[in-house]
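S.K.: Provided below for reference: sequence and predicted model.
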Amino acid sequence: MDCDAFYASVEKRDNPDLRNKAVIIGGGKRGVVSTACYIARIKGVRSAMPMFQALKLCPEGVVVRPRMDVYVETSKAIKAFMKELTPAIEPLSLDEAFLDMTGTARLHGAPPAVMLAKLVARMENELGITGSIGLSHNKFLAKVASDLDKPKGFAMIGAAETMDFLRPRSVRLIWGIGPAAQVSLDKAGIRTFADLLRWDRKDLSARFGSTGERLYHLARGEDRRRISANAPVKSISKETTFFEDTSDKDILDGHIWRLAEQVADRAKARGLAGRVVVLKLKRSDFSALSRRISLRDASQVADRIYRAAHELFVAVGNQGPYRLIGVGISDLIPEDEADRSGDLLDPDANRRADAERATDKIRQKFGNDAILKGRALR
Amino acid sequence: MKISIERATLLKAVGQAQSVVERRNTIPILANVLIEADANSVSFRATDLDIEVVDKTVAQVDRPGATTVSAVTLHEIVRKLPDGALVQLTDDGSSGRLTVEAGRSNFSLATLPREDFPVMANAEYGANFSIESKVLRRLFDKSKFAISTEETRYYLNGVYMHVSDADGGKVLRCVATDGHRLARIDADLPAGAETMPGVIVPRKTVGELRKLLDDDDVKIAVSVSETKVRFATPEITLTSKVIDGTFPDYTRVIPQGNTRRLEVDAAEFAKAVDRVATVSSERSRAVKLSLDEDRLVLSVNAPDSGAAEEELAVAYGDDRLEIGFNAKYLLEIASQVDRENAVFMFNSSGDPTLMREGNDTTAVYVVMPMRV
């Protein structure tokens, strides 16, 4: 199940004046589009586009600041509906989840297609949110199906028709095939699934490494990944792609801080902390750099994650311009075993961590923008 | 070159050489030891480009000369030879092989030309002084456990040796810290050291230096420049680059106002910490110290593995205090105490704690508590 322009739909639901307007969710003039409603999408507005560009394409667009708390609340309500269908739910984000409907037909006295149709109908009636359903025999195909006739879509890919469906389609359908992978597939003459099917397993592995193995199976419509409600989290990371490649240290540093803060937020929400901090950079030519550092004391504090990532960034030196930057933590442990000791040489570290916890409380009460570090404005 | 040398002497020289050479290096000659024989002595020289060690020893030299051969291989061979064997090293200068003979054993090893061997450039040493082996040993032995392994703070990857002011005047001081614990060890300032620049002696050099200091009565000649440090016994000369960085101002790290005093038998304390830490989590190794009038309770509570508690009779007369530490750090500093009781000076459960031996201020340790 994948909601249609989720944030925008919530805003339109709560403010009927917006119903027939082009709604763009995002922050500030210098911000980035996080979601655009379908009216705005017709004009070419896409998520992750800089706001000024979005407004150039769609000058009549109404920019709305995201209200995360409302989205979270709506998402929880949707999840409660889904739980009535199956316990095996794997949320991908607030507005998107895999549901394993295997063996539920007898329980509900109706096949999954019926139950899923009822689910979206209920979401629309009770919550005012529309969603699209993709029903198939594995995760890969279900995801593909959910995008087939959005919005308010309902698409099914049966086992028997899988191959006929895939063969003529572009390999871009595959989740995780970004522009870089696209280029290397193009070079190998692989555009459609039919092209991919002509390759044997060994050659794919030799050419694309571990991705090759995955491609081999996906080409045949095979995906054995399970839907796991509580898949143990191995790492938490956030990354951002720039619209213009940059090697400006201050801009990059501002991104490192914002990403560290997002990673810390997620870690705090899950009660986890990381013993390793990872910095990821992608250059203009798509070559990637990744650096990691072990913390002696695991952390979920943005300030510590930022400082570690910043040190890694300084150590990398200027190898830009970069098109993407990412910050993450891994080697996760429960939060009560983290941030337990200070640094003799940085006596203020604990005070900064305390300040951050106080900031978190203020944000919980008054919203995310209630208090910001100056660094976040860069 | 043709020399005869006693196996034990050779083993010692080659042993030092093979620990200096870099195991994983891409320059083949750096894996080799340079053997140079003149009229009646032989020197063994090894380097990793940061450290150079030269061991000069007496041998029967039949034909002077020089060659280089794998330090690790030569060491392995000599190690496996029987005790008391007389070893003959022969290099005819043209075959590119070094012959190693002892009794009925015979080895032929590949060599590389001596000209390719990098010899460390000589430095202008601004300060030269002589110090007793046991004094130098104390300075480094008691501080090296606190050396950091963190790569980003590379300037902490060594012992900061410098001249400092102490209560009784100027001292020769060694400091090491990794941000969690700190060791500050003082010794009387030897004549000639006054002008010494402060240098950060890298971890590996500290390890190599230790091998020079086993003998109590030897005087070590120390030379220091801004970029290099040299330690020499009559036989062995160890030269090392120092870490190019600024050691942080450690003086502000050492708490001055801690008033809560705990005195405890260090050995008993260490054993008790070790016992209760058995059940602590592998990751945090947290031990809680609960202090009350003349009573210390050590406890560990690890949800996954269990709990432990042990009580010790101590001298403590201040307010109740609960404070947590990493067991490993407590054990390390407690094991530095060898003559008197360990004296801990606490402030609060969040502040750095100071530890020393009795009232001896020439060896002071600081350890950061952890939340328990």
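M.R.: Now that the structure is in, tell me what you want to look at. Numbering: from 1, shown residues only, chains lettered A, B, ... in the order given.

S.K.: wait, A:Trp175 sits on A:Ser146?
M.R.: No. Counting by C-beta atoms under 8 Å, A:Trp175 does not reach A:Ser146; the two are 11.2 Å apart. All C-beta spots, glycine's among them, are computed from the backbone N, C-alpha and C.

S.K.: okay, these two: which has more neighbours?
M.R.: With neighbours defined as other C-beta atoms under 10 Å in any protein chain shown, A:Trp175 and A:Ser146 compare such that A:Ser146 has more, 22 against 12.

S.K.: The residue lying closest to B:Ser43 once chain neighbours are set aside: helix or strand, and which one exactly?
M.R.: Take B:Ser43 and drop its neighbours on the chain: the residue closest to it by C-beta to C-beta, 6 or more residues apart in numbering or on different chains is B:Lys56, 4.4 Å away. Taking DSSP states H and E as the definition, one finds B:Lys56 inside strand B:51-58.

S.K.: Could you export that strand as PDB, CA atoms only?
M.R.: Presented in PDB, the C-alpha positions along strand B:51-58 are these (Å, rounded to 0.1, in the frame of the first residue of the first chain):
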ATOM      1  CA  ILE B  51      61.700   4.300  13.500                       C
ATOM      2  CA  GLU B  52      65.300   3.100  13.100                       C
ATOM      3  CA  VAL B  53      67.000   0.700  15.400                       C
ATOM      4  CA  VAL B  54      70.700  -0.200  15.200                       C
ATOM      5  CA  ASP B  55      72.200  -2.900  17.400                       C
ATOM      6  CA  LYS B  56      75.900  -3.000  17.400                       C
ATOM      7  CA  THR B  57      77.500  -6.100  18.800                       C
ATOM      8  CA  VAL B  58      80.800  -7.800  19.100                       C
END
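
S.K.: tell me which residues in it are buried?
M.R.: Buried residues in strand B:51-58, counted by 16 or more other C-beta atoms under 10 Å in any protein chain shown: B:Ile51, B:Glu52, B:Val53, B:Val54, B:Asp55, B:Lys56, B:Thr57.

S.K.: which pair in the residues you listed spans the largest distance?
M.R.: Farthest apart among the buried residues of strand B:51-58 by C-beta to C-beta are B:Ile51 and B:Thr57. That separation is 19.2 Å.

S.K.: tell me which parts of chain B are close to chain A?
M.R.: By the criterion of C-beta under 8 Å from any C-beta of the partner chain, the positions of chain B lying close to chain A are B:150-153, B:177-182, B:248, B:252-253, B:281, B:283-284, B:286, B:324, B:326, B:350, B:352, B:366, B:368-372.

S.K.: List only buried entries from the residues you listed.
M.R.: The neighbour-count test (16+ other C-beta under 10 Å) applied to the residues of chain B next to chain A identifies B:150, B:153, B:177-182, B:248, B:253, B:281, B:283-284, B:286, B:324, B:326, B:352, B:366, B:368-372 as buried.

S.K.: Report pLDDT for A:Asp297.
M.R.: Per-residue confidence at A:Asp297 stands at 83 (pLDDT).

S.K.: Surely it is within a strand?
M.R.: Yes. Residue state for A:Asp297 (DSSP: H, G, I helix; E, B strand; the rest coil) corresponds to a strand.

S.K.: so what's it up against?
M.R.: Under the criterion of C-beta atoms under 8 Å, 6 or more residues apart in numbering or on different chains, the contact partners of A:Asp297 comprise A:Ala338, A:Asp339, A:Arg340, A:Ser341, B:Met370.

S.K.: State the number of residues packed around the fourth one.
M.R.: Okay, so that is A:Ser341. Counted by other C-beta under 10 Å, the residues lying close to A:Ser341 total 23.

S.K.: Just the strands from chain A, written as ranges.
M.R.: Under the criterion DSSP state E, chain A carries strands at the ranges A:2-3, A:23-26, A:33-36, A:62-64, A:89-93, A:96-99, A:131-136, A:154-157, A:235-246, A:272-283, A:288-299, A:322-334.

S.K.: Out of the ones you listed, which gets the lowest mean score?
M.R.: Averaged per stretch, pLDDT over the strands of chain A is lowest on strand A:89-93, reaching a mean of 81.

S.K.: what's that one in contact with?
M.R.: Strand A:89-93 is contacted from outside by A:Ser75, A:Lys79, A:Met82, A:Lys83, A:Ala97, A:Phe98, A:Leu99, A:Asp100, A:Ile227, A:Ser228, A:Ala229, A:Ala231, using C-beta under 8 Å, 6+ apart.

S.K.: Can you pull out the low-pLDDT segments for the stretch 251-378 of chain A?
M.R.: Along the stretch 251-378 of chain A, the model assigns pLDDT under 70 to residues A:378.

S.K.: Pull up the residues of it that are close to chain B.
M.R.: Contact residues, the stretch 251-378 of chain A versus chain B (C-beta under 8 Å from any C-beta): A:275, A:293, A:296-298, A:311-312, A:315, A:333, A:337, A:339-347, A:350.

S.K.: Which strand residues bridge the closest residue to chain A within chain B?
M.R.: For chain B, the nearest residue to chain A under the criterion C-beta to the nearest C-beta is B:Met370, separated by 3.8 Å. Beta-bridge partners of B:Met370, counted by DSSP bridges, are A:Ser341, B:Gly324.

S.K.: Spit out the contact partners of A:Thr162.
M.R.: For A:Thr162, the contacting residues are A:Ser136, A:His137, A:Leu141, A:Gly221, by C-beta under 8 Å, 6+ apart.

S.K.: Go ahead and confirm the residue of chain B closest to chain A touches B:Gly324.
M.R.: Yes. Counting by C-beta under 8 Å, B:Met370 sits close enough to B:Gly324 to count as a contact (4.9 Å).
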